[in-house]
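Trainee: could you look at this predicted model? Sequence included:
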Amino acid sequence: MEQLLEQLASGLANGAIYACVALALVMIYVSTDHLNFAQGEMAMFSTYISWQLMNWGLNFWVAFILAVLASFVLGVIIERVILRPLHNAPVLSVVVVFIGLLAICNSMAGAIWSYLIKEFPSPFPKSTFGFAGVIGPHQLGVVVVTLVVLGLLFLFFRYTPLGLAMRAAAQNPQMARLVGVRVDWMLALGWGLAAAIGAVAGIMVAHIVYLDPNMMSGILLYAFAAALVGGIGNPGGAVVGGFIVGVLENMVAYVGNMIEKTTGVYIIGNGEKLTVALIIVIFVLTVKPAGIFGRVVVKRV
Amino acid sequence: MAALLEVKALKAFYAKTQVLYDLNFEIAEGGITTLLGANGAGKTTTLRALCNMVRTEGTVRFAGKDIAGKPTEEIVRQRIAHVPEGRGTFTTLTVDENLRIAAYTRKDKQAVKVELDRVFSYFPRLKERLAQQAGTLSGGEQQMLAIARALMLKPRLMLLDEPSFGLAPLIVVEIFKILKRINEEEKVSILLVEQNAALALNLADYAYVLETGRVVMADRAEVVKNDENIRKSYLGY
C-alpha cells in the first residue's frame, strides 16, 4: 500500500512537470496551430541559464526568477525575429524551423556548458515531515510550485484585460484586430509565456533528471502525450493530461512490479513505462480523437 | 455636412485578382450611407478595404487623417467599428468577455462602465445572457452582440456588413430600428452594406450602387428608391 502511494506521489510530481510543458505547447498551438518541437530544448536552455546564475553565486530563487524572466524575453525575441517572417509560410517550413531551433538550442547549450551531466540543486529543505515515506520534499515542492504557476496563469487569462486579449487573438485573429488588439504582439507574448512556463518545468525537473543538454527530450515526449490526451486545443485539458500521463506511467511500473513479485513473471517494469504510457495514449486518441477534454467545436452557420 | 470618410481611387485585390476599380465615395458625418449591389459587386470587399483587411491601393481619409495602408488594429483605434459579415463575435468567449474585449483599446474605464449600461439599454436581452458563450446565442442575439461590441468602441463610424443576413424578418426590423436609434442618439455615422436594398434604402439617407467593383450610381436614398430603372437593373425588386 505504501509503495502504491509512493508511486502515486512521484507520478503526480512528474505529472506536474509534464503539465507545464504540455501547457506551453498548447499555448502556442491554440494561437498558431503549430506544435513547437523546440519547447523542450528551450526549457533546457533556460535551466542552464539558471544554473549559470547560481554558479555565479545567486540564491536559487533569485536565479529561478531571473531565468524565467530571461526565458520570457528570449521567447518573445524568437517569435518576433524568427517566426514573424514565417507567418504565411506553409506548415512544413515552420516545422523545419522548429527542428532547427531544437538543434540550435541543444548544440549551443553543449558548446557553452559542455555535454557533461551536471548535478542540479533542490531548493526545498531536506527535513522529514509527516508524509516523508510517501513523498519526498523535492517532489512535494515541484507539485506546489507548478500548481502556483498554473494558478497564476489561470488568473491572468481569466481576469486581466491582457489575458482576455490574448485569448481573443488566439480564438479569432481577424476579429481581434477589429477590436484593436495588436495580434502580432499577442503571439509574441504567447511565445514568451510558453518559454517562461517551460523554464519553470526545466528548473524544477533538473534536480530529478540531472542537468544535461538532452534532459528534456523524454519529457517533451510525455508532454506531447499529455497535451494530446487532454485535448490539444484545451489548456486546462493539457494540465490534467499531464497529471494523468505522470500517474499512469508510474502505475504501469507499479503493477508490473506487483505481478513480478507475486508470480515471478516479468511482464512490464520501469523500462517499459514510456511504451505502455504511449500505447494508452494511442488508445485514448483512437476512442476520442479530440482528447478527453477536447471539445468537438460546434458552430452555428 | 463635412465628409467623415473620403475614399479616392480605391482599388482592392485578392491575390492578383482586382476586385475594386477606382472607387470614389464619401460618407457624411452623422449620416447613414448604404452600399448596394448584387452578389460579387464588391460591397464586402469595400468594407474590408477600408480596414485594410485586403490588399488595397488608393486614398482613404478619415476625419482628415490618411488611414490607407495602416494596420487594421490601428485603423480600428481611430474609432472605426467594423461588424463583419456573419456575426462578428468571439464564439468561444462569453457575452461579457465579448463586450469587455471590445473596450480593450479604451483607457477611460469609468466611461466604459457607463457605456455598458447604454449598450444594455439598446440590447436588454444581452444582459440576461452575460455568462453565456457567444456561440450558443441565437443568430439574432449574436448579431445584436456584434453591434453591441462595436458600440463599446465608442465609434465615430460603424461599418456594418449585412446585419440582416440569415435572420428572421421580425428580428431584422428590430435590429434596423436599433441602428436608427444608435445613429441618432450616439451620433454614430453608419456605412451599411446590404443585400436587402428596400430595407437599406428606408434606413439610409445616401446610397451608392456598385456593380463589379465600380460605383454605377450615387444619390440620395429617396431618389434611388424611386428610380424604377435602377431598382430593376441593379437592386432586383
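Mentor: The structure has been received and is ready for your questions.

Trainee: for B:Val76, give its distance to chain A.
Mentor: In this view, B:Val76 and chain A are 4 Å apart by Cβ to the nearest Cβ, to the nearest Å. For every residue, glycine as well, the C-beta is placed using N, CA and C.

Trainee: now for the lowest-mean-pLDDT helix or strand in chain B, which elements pack on it?
Mentor: Ranked by mean pLDDT, DSSP states H and E, the weakest helix or strand in chain B is helix B:228-230, scoring a mean of 81. If contacts are counted by 3 or more Cβ pairs under 8 Å, 6 or more residues apart in numbering or on different chains; DSSP states H and E, helix B:228-230 sits against no helix or strand.

Trainee: and that helix, which residues are buried?
Mentor: Residues of helix B:228-230 classed as buried by neighbour count (16 or more other Cβ atoms under 10 Å in any protein chain shown): B:Ile230.

Trainee: count of neighbours near residue 13?
Mentor: Just going to use chain A. The tally of other residues near A:Ala13 (other Cβ atoms under 10 Å in any protein chain shown) stands at 24.

Trainee: that was the other one, I meant chain B.
Mentor: Neighbours of B:Phe13 using other Cβ under 10 Å come to 15.

Trainee: what sits up against the least confident helix or strand of chain B?
Mentor: If you take Cβ atoms under 8 Å, 6 or more residues apart in numbering or on different chains as the criterion, helix B:228-230 is touched by B:Val209, B:Met217, B:Val224.

Trainee: one more pass at 6 Å, please.
Mentor: Residues outside helix B:228-230 that contact it (Cβ atoms under 6 Å, 6 or more residues apart in numbering or on different chains): B:Met217, B:Val224.

Trainee: tell me how far it is from the chain's mean position?
Mentor: Computed by Cα atoms, centre = their mean, to the nearest Å, the chain-centroid distance of helix B:228-230 equals 25 Å.

Trainee: stretch B:127-134 too?
Mentor: 23 Å.

Trainee: show me what contacts residue 170?
Mentor: With no chain named, the answer covers chain A. A:Val30, A:Ser31.

Trainee: which element, helix or strand, includes it?
Mentor: helix A:161-171 (DSSP states H and E).

Trainee: then B:His82?
Mentor: Remark: B:His82 resides in strand B:80-83, with elements defined by DSSP H and E.

Trainee: ok, then the element right after that strand?
Mentor: With elements assigned by DSSP H and E, the helix or strand that comes after strand B:80-83 is helix B:95-102.

Trainee: mean confidence for that next one?
Mentor: The pLDDT scores in helix B:95-102 average 93.

Trainee: can you check stretch A:109-123 too?
Mentor: Per-residue scores along stretch A:109-123 average to 94.

Trainee: start and end of stretch B:132-147, how far apart?
Mentor: The first residue of stretch B:132-147 is 17 Å away from its last residue (Cα to Cα, to the nearest Å).

Trainee: at contact distance from chain A, anything in that stretch?
Mentor: No: judged by Cβ under 6 Å from any Cβ of the partner chain, stretch B:132-147 stays clear of chain A, getting no closer than 6.5 Å.

Trainee: equivalent analysis for stretch B:81-91, please.
Mentor: Yes: for stretch B:81-91, a contact with chain A is found by Cβ under 6 Å from any Cβ, at B:His82, B:Gly88, B:Phe90.

Trainee: report pLDDT for the second one.
Mentor: Read that as B:Gly88. pLDDT, B:Gly88: 83.

Trainee: surely it touches B:Ala146?
Mentor: Yes: assessed by Cβ atoms under 6 Å, B:Gly88 is found in contact with B:Ala146 at 4.1 Å.

Trainee: one step back: what comes into contact with the strand holding B:His82?
Mentor: A:Leu178, B:Cys51, B:Ala146, B:Ala150, B:Leu153, B:Pro155, B:Leu157, B:Met158, B:Leu159, B:Leu160.

Trainee: that's all I had, so thanks and see you.
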